[in-house]
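Asker: Quick one: sequence plus predicted model below, questions after.
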There are 2 protein chains.
Amino acid sequence: MNPEMLKGHLDTILLATLADGPAHGYAVIQAIRQRSDGSLDLPEGTIYPALHRLELAGLLRSDWTSPSEGRRKRVYALTPAGLVALGEHRANWQRFARAVGAFLDGAAPCPA
Amino acid sequence: MNPEMLKGHLDTILLATLADGPAHGYAVIQAIRQRSDGSLDLPEGTIYPALHRLELAGLLRSDWTSPSEGRRKRVYALTPAGLVALGEHRANWQRFARAVGAFLDGAAPCPA
DNA sequence: TCCCTATGCCTAGTAATACTGAGCTATGGC
DNA sequence: GCCATAGCTCAGTATTACTAGGCATAGGGA
(Lines give C-alpha, C1' and ligand atoms only; values in the text may rest on other atoms or scores of the structure.)
Protein backbone atom coordinates (compact mmCIF):
# COMPACT_ATOMS: atom_id res chain seq x y z
CA MET A 1 0.00 0.00 0.00
CA ASN A 2 1.29 3.42 -0.93
CA PRO A 3 2.72 4.99 2.23
CA GLU A 4 1.51 8.41 1.13
CA MET A 5 -2.04 7.26 1.60
CA LEU A 6 -1.61 7.39 5.35
CA LYS A 7 -0.66 11.05 5.48
CA GLY A 8 -3.03 13.09 7.52
CA HIS A 9 -4.73 9.99 8.91
CA LEU A 10 -2.04 8.69 11.23
CA ASP A 11 -3.10 10.93 14.09
CA THR A 12 -6.66 9.72 13.71
CA ILE A 13 -5.54 6.12 13.96
CA LEU A 14 -3.35 6.77 16.99
CA LEU A 15 -6.04 8.65 18.85
CA ALA A 16 -8.60 5.98 18.07
CA THR A 17 -6.25 3.23 19.22
CA LEU A 18 -5.61 4.96 22.54
CA ALA A 19 -9.31 5.57 23.00
CA ASP A 20 -9.51 1.90 23.98
CA GLY A 21 -7.22 2.59 26.92
CA PRO A 22 -3.65 3.66 27.67
CA ALA A 23 -0.84 1.78 26.00
CA HIS A 24 2.86 2.10 25.35
CA GLY A 25 4.37 2.67 21.92
CA TYR A 26 5.27 -0.86 21.08
CA ALA A 27 1.82 -2.11 22.05
CA VAL A 28 0.25 0.59 19.88
CA ILE A 29 2.20 -0.68 16.89
CA GLN A 30 0.97 -4.20 17.45
CA ALA A 31 -2.60 -3.10 18.08
CA ILE A 32 -2.65 -1.21 14.79
CA ARG A 33 -1.29 -4.19 12.92
CA GLN A 34 -3.83 -6.54 14.44
CA ARG A 35 -6.84 -4.32 14.12
CA SER A 36 -6.16 -3.58 10.47
CA ASP A 37 -5.63 -7.25 9.65
CA GLY A 38 -2.04 -6.51 8.74
CA SER A 39 -2.95 -3.81 6.24
CA LEU A 40 -1.23 -1.21 8.39
CA ASP A 41 2.19 -2.33 9.53
CA LEU A 42 3.75 0.89 10.72
CA PRO A 43 7.43 1.07 11.65
CA GLU A 44 8.63 2.45 14.97
CA GLY A 45 10.16 5.46 13.27
CA THR A 46 6.66 6.43 12.26
CA ILE A 47 4.87 5.79 15.55
CA TYR A 48 7.21 7.27 18.13
CA PRO A 49 7.64 10.71 16.56
CA ALA A 50 3.90 10.85 15.98
CA LEU A 51 3.19 10.07 19.63
CA HIS A 52 5.61 12.81 20.64
CA ARG A 53 3.91 15.23 18.33
CA LEU A 54 0.48 14.43 19.77
CA GLU A 55 1.76 14.77 23.30
CA LEU A 56 3.31 18.12 22.46
CA ALA A 57 -0.05 19.17 21.11
CA GLY A 58 -1.66 18.25 24.40
CA LEU A 59 -3.75 15.44 22.96
CA LEU A 60 -1.84 12.70 24.79
CA ARG A 61 -0.21 12.39 28.18
CA SER A 62 2.67 10.00 28.90
CA ASP A 63 3.99 8.36 32.06
CA TRP A 64 6.98 6.10 32.56
CA THR A 65 6.20 2.85 34.31
CA SER A 66 8.06 2.28 37.57
CA PRO A 67 11.31 0.41 36.88
CA SER A 68 10.34 -2.24 39.45
CA GLU A 69 7.81 -3.82 37.14
CA GLY A 70 10.09 -5.18 34.46
CA ARG A 71 11.08 -3.05 31.51
CA ARG A 72 10.67 0.66 31.48
CA LYS A 73 7.81 1.67 29.23
CA ARG A 74 6.30 4.96 28.31
CA VAL A 75 2.54 4.67 28.57
CA TYR A 76 0.42 7.07 26.57
CA ALA A 77 -3.13 8.04 27.44
CA LEU A 78 -5.71 10.25 25.78
CA THR A 79 -6.30 13.64 27.40
CA PRO A 80 -9.73 15.30 27.36
CA ALA A 81 -8.47 17.49 24.53
CA GLY A 82 -7.41 14.32 22.73
CA LEU A 83 -10.89 12.92 23.06
CA VAL A 84 -12.36 16.04 21.54
CA ALA A 85 -9.79 15.92 18.75
CA LEU A 86 -10.69 12.31 18.06
CA GLY A 87 -14.28 13.37 17.52
CA GLU A 88 -13.19 15.97 14.99
CA HIS A 89 -10.87 13.53 13.27
CA ARG A 90 -13.67 11.01 13.00
CA ALA A 91 -16.02 13.56 11.47
CA ASN A 92 -13.33 14.71 9.04
CA TRP A 93 -12.58 11.16 8.03
CA GLN A 94 -16.20 10.39 7.33
CA ARG A 95 -16.60 13.50 5.23
CA PHE A 96 -13.41 12.73 3.35
CA ALA A 97 -14.27 9.08 2.82
CA ARG A 98 -17.71 9.97 1.52
CA ALA A 99 -16.17 12.48 -0.88
CA VAL A 100 -13.63 10.03 -2.26
CA GLY A 101 -16.26 7.31 -2.41
CA ALA A 102 -18.33 9.58 -4.61
CA PHE A 103 -15.64 9.29 -7.27
CA LEU A 104 -15.28 5.54 -7.11
CA ASP A 105 -18.67 4.57 -8.55
CA GLY A 106 -20.33 6.20 -5.60
CA ALA A 107 -19.74 2.90 -3.83
CA ALA A 108 -18.87 3.52 -0.22
CA PRO A 109 -16.27 1.07 1.02
CA CYS A 110 -18.78 -1.10 2.86
CA PRO A 111 -17.90 -4.78 3.03
CA ALA A 112 -21.58 -5.60 3.28
CA MET B 1 -10.35 19.84 5.96
CA ASN B 2 -6.72 19.10 6.63
CA PRO B 3 -4.95 19.25 3.26
CA GLU B 4 -2.62 16.44 4.29
CA MET B 5 -5.56 14.06 4.23
CA LEU B 6 -5.59 14.18 0.47
CA LYS B 7 -2.02 13.00 0.05
CA GLY B 8 -1.79 9.78 -1.85
CA HIS B 9 -5.42 9.97 -2.90
CA LEU B 10 -5.30 12.81 -5.39
CA ASP B 11 -4.25 10.54 -8.24
CA THR B 12 -7.14 8.24 -7.47
CA ILE B 13 -9.59 11.13 -7.66
CA LEU B 14 -8.13 12.45 -10.90
CA LEU B 15 -8.18 9.08 -12.60
CA ALA B 16 -11.73 8.46 -11.45
CA THR B 17 -12.84 11.85 -12.69
CA LEU B 18 -11.36 11.27 -16.13
CA ALA B 19 -12.90 7.82 -16.26
CA ASP B 20 -16.17 9.62 -17.06
CA GLY B 21 -14.61 11.00 -20.21
CA PRO B 22 -11.84 13.32 -21.35
CA ALA B 23 -11.73 16.81 -19.87
CA HIS B 24 -9.39 19.76 -19.59
CA GLY B 25 -7.78 20.88 -16.35
CA TYR B 26 -10.15 23.63 -15.45
CA ALA B 27 -13.16 21.38 -16.00
CA VAL B 28 -11.57 18.71 -13.83
CA ILE B 29 -11.29 21.18 -10.97
CA GLN B 30 -14.95 22.08 -11.26
CA ALA B 31 -16.02 18.45 -11.58
CA ILE B 32 -14.18 17.54 -8.39
CA ARG B 33 -15.74 20.42 -6.51
CA GLN B 34 -19.23 19.51 -7.68
CA ARG B 35 -18.98 15.79 -7.18
CA SER B 36 -17.66 16.14 -3.66
CA ASP B 37 -20.37 18.65 -2.70
CA GLY B 38 -17.71 21.28 -2.19
CA SER B 39 -15.71 19.17 0.25
CA LEU B 40 -12.81 19.05 -2.17
CA ASP B 41 -12.01 22.48 -3.59
CA LEU B 42 -8.56 21.96 -5.07
CA PRO B 43 -6.50 24.87 -6.38
CA GLU B 44 -4.98 24.92 -9.85
CA GLY B 45 -1.50 24.62 -8.43
CA THR B 46 -2.53 21.25 -7.13
CA ILE B 47 -4.36 19.90 -10.17
CA TYR B 48 -2.11 20.88 -13.04
CA PRO B 49 1.15 19.47 -11.69
CA ALA B 50 -0.70 16.29 -10.76
CA LEU B 51 -2.06 15.94 -14.28
CA HIS B 52 1.45 16.41 -15.67
CA ARG B 53 2.75 13.78 -13.30
CA LEU B 54 0.09 11.30 -14.37
CA GLU B 55 0.78 12.01 -18.02
CA LEU B 56 4.49 11.50 -17.48
CA ALA B 57 3.66 8.17 -15.86
CA GLY B 58 1.73 7.16 -18.97
CA LEU B 59 -1.63 7.04 -17.22
CA LEU B 60 -3.02 10.04 -19.07
CA ARG B 61 -2.72 11.40 -22.59
CA SER B 62 -3.19 15.07 -23.45
CA ASP B 63 -4.13 16.89 -26.64
CA TRP B 64 -4.44 20.58 -27.33
CA THR B 65 -7.73 21.62 -28.88
CA SER B 66 -7.47 23.30 -32.24
CA PRO B 67 -7.26 27.09 -31.81
CA SER B 68 -10.21 27.54 -34.14
CA GLU B 69 -12.68 26.38 -31.53
CA GLY B 70 -12.38 29.18 -29.00
CA ARG B 71 -9.73 29.04 -26.32
CA ARG B 72 -6.87 26.66 -26.42
CA LYS B 73 -7.39 23.90 -23.92
CA ARG B 74 -5.39 20.88 -22.99
CA VAL B 75 -7.69 17.90 -22.87
CA TYR B 76 -6.66 14.92 -20.81
CA ALA B 77 -7.88 11.38 -21.38
CA LEU B 78 -7.31 8.12 -19.60
CA THR B 79 -4.92 5.69 -21.29
CA PRO B 80 -5.39 1.91 -21.04
CA ALA B 81 -2.63 1.90 -18.44
CA GLY B 82 -4.52 4.62 -16.61
CA LEU B 83 -7.62 2.47 -16.53
CA VAL B 84 -5.67 -0.39 -15.04
CA ALA B 85 -4.12 1.98 -12.50
CA LEU B 86 -7.57 3.24 -11.57
CA GLY B 87 -8.59 -0.29 -10.72
CA GLU B 88 -5.61 -0.69 -8.44
CA HIS B 89 -6.21 2.67 -6.85
CA ARG B 90 -9.81 1.74 -6.20
CA ALA B 91 -8.83 -1.55 -4.56
CA ASN B 92 -6.19 0.19 -2.46
CA TRP B 93 -8.63 2.82 -1.37
CA GLN B 94 -11.19 0.26 -0.28
CA ARG B 95 -8.62 -1.67 1.68
CA PHE B 96 -7.34 1.49 3.29
CA ALA B 97 -10.81 2.82 4.07
CA ARG B 98 -11.81 -0.48 5.63
CA ALA B 99 -8.66 -0.47 7.76
CA VAL B 100 -9.20 3.07 9.00
CA GLY B 101 -12.87 2.39 9.54
CA ALA B 102 -11.90 -0.48 11.82
CA PHE B 103 -10.44 2.06 14.22
CA LEU B 104 -13.38 4.41 14.22
CA ASP B 105 -15.88 2.19 16.01
CA GLY B 106 -15.74 -0.24 13.17
CA ALA B 107 -18.31 1.99 11.54
CA ALA B 108 -17.72 2.25 7.83
CA PRO B 109 -18.43 5.74 6.57
CA CYS B 110 -21.84 4.84 5.22
CA PRO B 111 -24.44 7.56 5.45
CA ALA B 112 -27.16 4.93 5.51
C1' DT C 1 29.45 -18.13 28.75
C1' DC C 2 28.11 -16.11 24.43
C1' DC C 3 25.02 -14.95 21.00
C1' DC C 4 20.71 -14.11 19.11
C1' DT C 5 16.03 -12.63 19.13
C1' DA C 6 12.17 -10.01 20.77
C1' DT C 7 10.87 -6.16 23.31
C1' DG C 8 11.15 -1.23 23.94
C1' DC C 9 12.56 3.59 22.97
C1' DC C 10 14.81 7.37 20.25
C1' DT C 11 16.55 10.52 16.40
C1' DA C 12 18.80 12.74 12.19
C1' DG C 13 18.18 12.82 7.58
C1' DT C 14 15.35 11.93 3.28
C1' DA C 15 11.75 11.76 -0.14
C1' DA C 16 7.29 12.51 -1.60
C1' DT C 17 3.44 15.44 -2.02
C1' DA C 18 0.13 19.14 -2.13
C1' DC C 19 -0.09 23.99 -1.44
C1' DT C 20 1.18 29.08 -1.95
C1' DG C 21 1.78 32.76 -4.73
C1' DA C 22 2.86 34.59 -8.64
C1' DG C 23 2.68 35.33 -13.76
C1' DC C 24 0.87 34.82 -18.54
C1' DT C 25 -2.96 34.85 -22.29
C1' DA C 26 -7.59 35.44 -24.25
C1' DT C 27 -12.55 36.32 -24.18
C1' DG C 28 -16.58 39.02 -23.18
C1' DG C 29 -19.41 42.35 -20.56
C1' DC C 30 -19.72 46.96 -18.69
C1' DG D 1 -10.56 50.86 -21.76
C1' DC D 2 -11.11 47.90 -17.77
C1' DC D 3 -12.09 44.06 -15.20
C1' DA D 4 -13.69 39.39 -14.27
C1' DT D 5 -13.56 34.81 -15.76
C1' DA D 6 -11.52 30.99 -18.06
C1' DG D 7 -7.29 28.54 -18.79
C1' DC D 8 -2.42 27.10 -18.20
C1' DT D 9 2.31 27.15 -15.95
C1' DC D 10 6.04 27.13 -12.59
C1' DA D 11 9.36 28.00 -8.53
C1' DG D 12 9.52 27.62 -3.88
C1' DT D 13 7.68 25.92 0.71
C1' DA D 14 5.88 23.16 4.50
C1' DT D 15 4.29 19.10 6.16
C1' DT D 16 4.56 14.37 6.75
C1' DA D 17 5.84 9.56 7.12
C1' DC D 18 9.66 6.69 6.23
C1' DT D 19 14.63 5.00 6.29
C1' DA D 20 18.30 3.61 8.73
C1' DG D 21 20.58 3.65 12.18
C1' DG D 22 21.62 3.47 17.55
C1' DC D 23 20.82 2.13 22.49
C1' DA D 24 19.19 -0.96 26.33
C1' DT D 25 17.18 -5.21 28.65
C1' DA D 26 15.46 -9.97 29.15
C1' DG D 27 15.40 -14.76 27.98
C1' DG D 28 16.52 -18.97 25.40
C1' DG D 29 19.69 -22.00 23.01
C1' DA D 30 24.33 -23.55 21.63
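Answerer: Sure thing, it's come through. Numbering: from 1, shown residues only, chains lettered A, B, ... in the order given.
Asker: For chain A, what lies in contact range of DNA strand D?
Answerer: A:3, A:6-11, A:42-46, A:49-50, A:53, A:70-71 (Cβ under 7 Å from any atom of the strand). Where C-beta positions appear, they are placed from N, C-alpha and C, glycine not excepted.
Asker: What degree of burial does residue A:24 show, as a neighbour count?
Answerer: For residue A:24, the number of neighbouring residues by other Cβ atoms under 10 Å in any protein chain shown comes to 18.
Asker: Identify the bridge partners of it.
Answerer: residue A:75 (DSSP bridges).
Asker: Longest helix in chain A, by number of residues?
Answerer: helix A:80-103 (DSSP state H).
Asker: for that one, the distance to its chain's centre please.
Answerer: Distance of helix A:80-103 from the chain centroid (Cα atoms, centre = their mean, to the nearest Å) equals 13 Å.
Asker: so of the residues of chain A next to DNA strand D, which ones are in helices?
Answerer: A:10-11, A:44-46, A:49-50, A:53.
Asker: So which of those residues reach DNA strand C?
Answerer: Applying Cβ under 7 Å from any atom of the strand to those, those adjacent to DNA strand C are A:44-45, A:49.
Asker: so residue A:31 touches residue A:17, yeah?
Answerer: Yes - counting by Cβ atoms under 8 Å, a contact exists between residue A:31 and residue A:17, whose distance comes to 5.4 Å.
Asker: who touches both of these two?
Answerer: Contact criterion Cβ atoms under 8 Å, 6 or more residues apart in numbering or on different chains; residues shared by residue A:31 and residue A:17: residue A:23.
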